[in-house]
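[1] what's the 3D shape of this:
(2 chains)
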Amino acid sequence: MSLSLSPQEQAIAAGQDGAGMAMRIVAESARLLGAPRLIPVASAHIDGALYHGDSGTLFAERLVEGGAKVAVRSTLNVGALDLMGCSRIRLEEPQRGMARRMMEAYRKLGCEQSWTCAPYQAGHRPALGSDVAWGESNAVVFCNSVLGACTNRYGDFLDIACAITGRAPDYGLHRPENRRARLVFDVSGLSPSFLASEIAWPVLGSLYGREVGNAIGVVTGVANHPGEDALKAFGAAAASSGAVGLFHIAGVTPEAPDVETILAEPEPEAVIRATPQMAAKARAGLSTAAADKAVDAVAIGSPHLSPAEFDRLERLIAGRRLAVPIYACTGRHALALLEKDGRRKRLEASGVIIVADTCVVVTPIMPDLMGGVLMTNSGKFAHYTPGNTGYAVLYASLADCVESAVLGKPVFTDIAA
Amino acid sequence: MSATAEILVPGKAGEGEALVLTAPISFWGGVDPRTGRIADVRHPQHGEVISGRVLFLPGTIGSSSASAVLMELVHNGRAPAALVLHEPDAILLLGLIVAREMGWETPIAVRLDRGAFDACRGEALTVAADGAITVAV
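    Take a look at the predicted model:
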């Protein structure tokens, strides 16, 4: 089946301007994917404004020079700089200047200055069943699974091209038949106390991603809605350990009122029964540090912290002074609330380093430390920290992260799976 | 060794020593965009440099920023001489499509069944603009 473009799409693609370039990029991608046509999208979330090298900056500036503007609401994922000035980014010139030029070019294209990987908690929540073009793996999986809007994983360049054209290839998760579950992931064999604990969802997400890869599964055995921040942690961990773009939880997520409704066939292709041993192994696999004797820093906020997560952080610190810093990564949406009621000052006085617009694994923020150890409660930070920062990781609950930061040495509370 | 491969993204014909990867690779985090060196310590070809090679990819995994890494390699003059993929990867190949839009010279990318990869190992190869893969003379 070959790609067919409407006369209007063809006319735009023939243009020498930025819109023409964007349309050609979307059409070429559609051709490679085998999509028969392009479909309209209602919004975009752009991951492409994170600096990886000069070529990405030059591309965005070419679109600006070509007069391109986004045609639909477009929020921005993190950049490489903290434009709010909360934290010090160690990116040197000339990279720093090129990263700033890149962020500026995306602003000129008409994107919202959201600079967050949790746009869905910053007021960008597409409607159930609507087609959108989102980038960044955790944002994509949340958008598909928790909001029930339809998106594929739109990578660098294609995300902004879809936003400018307002079109995306008709392919993959935009098609209802590709959104049904083929696997069942049953967690009823895990203890209720573990499932109610705060480490359950990131640990299960990591396990789920490893078990299902890029297949679509439905989680069963979850009695109550665990809350949006738990689903955020589950999706982010699943999307880093596997290529998960969409999950369902029976009785919780909108497309899965029950197992039968969401299964593609009457019987699943496989049933994965999570055991306490599997959960314990997945939890242990999130840590890479050889010993748990020392901790140099704590990082939280991948995905970016919500106001509710800052509430918990503040309660757990309880006014104490930290011996090692807690890097708390968030977006402007949460920062504005923290500043309004004086909480930012209180947290910073305790030794929390707030990181806005970016995070500690995508740009150099933490000191270069040979043999450094980072503690985190985020399955996603646990996955990317060793490769991107050189720090070894200790995975722990938020409560243990805070106690460890206060004492300056790792503290673990036993939570049996 | 000679084969005719389907053209995925047209580009400059390439000549170079074959580098046949034996495991899928994630370009983001797996290949250094400045040097073209395979940086993923868990990858069997860790330490090899893909620049100037006819690169055979049995599969690709991971990040949606693979396209950015490939385009950066093109922009730096550190791209492979040609890419041979077992199956098209729209995210990776987007790096070539966008680089072409920028007016930069890009290597050709073709599709070839991975069963034919072994015969290419270690050979000095030419990938012509029409997709013909031959031993360089």
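
[2] does A:Ile39 count as helix, strand or coil?
    Secondary structure state of A:Ile39, per DSSP: H, G, I helix; E, B strand; the rest coil, is strand.

[3] and if you look at A:Val184?
    Reduced to three states by three-state DSSP, A:Val184 is strand.

[4] And the strands in chain B?
    B:2-4, B:6-9, B:14-20, B:54-57, B:82-85, B:108-111, B:124-127, B:132-135 (DSSP state E).

[5] er, the stretch 301-417 of chain A actually
    A:326-330, A:352-356, A:373-376, A:392-395 (DSSP state E, counting those that start in this stretch).

[6] Can you lay out those strands as CSV showing distance to B:Arg53?
    Every residue, glycine included, has its C-beta placed from N, CA and C. Output for the strands of the stretch 301-417 of chain A, formatted as CSV (distance: least, C-beta to C-beta, whole Å):
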stretch, distance to B:Arg53
strand A:326-330, 38
strand A:352-356, 39
strand A:373-376, 36
strand A:392-395, 33
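
[7] Who is A:Ala133 paired with across the strands?
    Following DSSP bridges, A:Ala133 is listed with bridge partners A:Ala44.

[8] ok now do it, which residues does it touch?
    Counting by C-beta atoms under 8 Å, 6 or more residues apart in numbering or on different chains, A:Ala133 makes contact with A:41, A:43-45, A:151-152, A:154, A:158-159, A:162-163, A:168.

[9] ok, now how distant is it from A:Val78?
    From A:Ala133 across to A:Val78, the span is 18 Å (C-beta to C-beta, to the nearest Å).

[10] Same check on B:Pro10?
    Remark: distance between B:Pro10 and A:Val78 (C-beta to C-beta) = 35 Å.

[11] Neighbour count for these two, which is higher?
    A:Val78 (29 against 14; other C-beta atoms under 10 Å in any protein chain shown).

[12] picking up where we left off before, so which of the strands of chain B is the most packed in?
    Scoring the strands of chain B by mean neighbour count under mean count of other C-beta atoms under 10 Å in any protein chain shown gives strand B:82-85 as the most buried, with a mean of 28.

[13] Tell me which residue lies nearest the centroid of chain B.
    Nearest residue to the geometric centre of chain B (C-alpha atoms, centre = their mean): B:Leu83, 2.9 Å.

[14] Please name the residues that touch that residue.
    Counted by C-beta under 8 Å, 6+ apart, B:Leu83 has contacts B:55, B:57, B:96, B:107-110.

[15] cool, and A:Ala99?
    By C-beta under 8 Å, 6+ apart, the neighbours of A:Ala99 are A:51, A:57, A:79-81, A:91, A:363.

[16] cutoff 7 Å now
    A:51, A:79-81, A:91 (C-beta atoms under 7 Å, 6 or more residues apart in numbering or on different chains).

[17] Selecting buried members of the residues you listed in PyMOL, what would you type?
    Remark: buried members of the contacts of A:Ala99, expressed as a PyMOL selection using 16 or more other C-beta atoms under 10 Å in any protein chain shown:
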select buried, chain A and resi 51+79+80+81+91
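
[18] would you turn the contacts of A:Ala99 into JSON lines with pLDDT?
    What follows is the contacts of A:Ala99, written out as JSON lines (pLDDT from 0 to 100):
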{"residue": "A:Tyr51", "pLDDT": "94"}
{"residue": "A:Gly79", "pLDDT": "97"}
{"residue": "A:Ala80", "pLDDT": "97"}
{"residue": "A:Leu81", "pLDDT": "97"}
{"residue": "A:Leu91", "pLDDT": "95"}
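
[19] Helix or strand, whichever it is, which one in chain B has the lowest mean pLDDT?
    Counting by mean pLDDT, DSSP states H and E, chain B has its least confident helix or strand at strand B:2-4, which shows a mean of 89.

[20] JSON lines for the strands of the stretch 301-417 of chain A, including distance to A:Leu173, mean pLDDT and mean neighbour count?
    JSON lines is the format used below for those (distance: least, C-beta to C-beta, whole Å; pLDDT from 0 to 100; neighbours: other C-beta atoms under 10 Å in any protein chain shown):
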{"stretch": "strand A:326-330", "distance to A:Leu173": "27", "mean pLDDT": "98", "mean neighbour count": "27"}
{"stretch": "strand A:352-356", "distance to A:Leu173": "31", "mean pLDDT": "98", "mean neighbour count": "25"}
{"stretch": "strand A:373-376", "distance to A:Leu173": "29", "mean pLDDT": "98", "mean neighbour count": "28"}
{"stretch": "strand A:392-395", "distance to A:Leu173": "30", "mean pLDDT": "96", "mean neighbour count": "24"}
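
[21] Of those, which is nearest chain B?
    Proximity to chain B (C-beta to the nearest C-beta) singles out strand A:392-395 among these, at 13.9 Å.

[22] From the rest of the structure, what touches that closest one?
    Outside of strand A:392-395, the residues within contact range by C-beta under 7 Å, 6+ apart are A:283, A:286-289, A:292, A:295, A:373-376, A:382, A:385-386, A:410.

[23] Using CSV, list the CA coordinates for it.
    Extracted in CSV, the C-alpha atoms of strand A:392-395 (Å, rounded to 0.1, in the frame of the first residue of the first chain):
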residue,chain,number,x,y,z
ALA,A,392,26.2,4.3,40.2
VAL,A,393,22.6,4.0,41.4
LEU,A,394,20.9,3.0,44.6
TYR,A,395,17.1,2.6,44.2
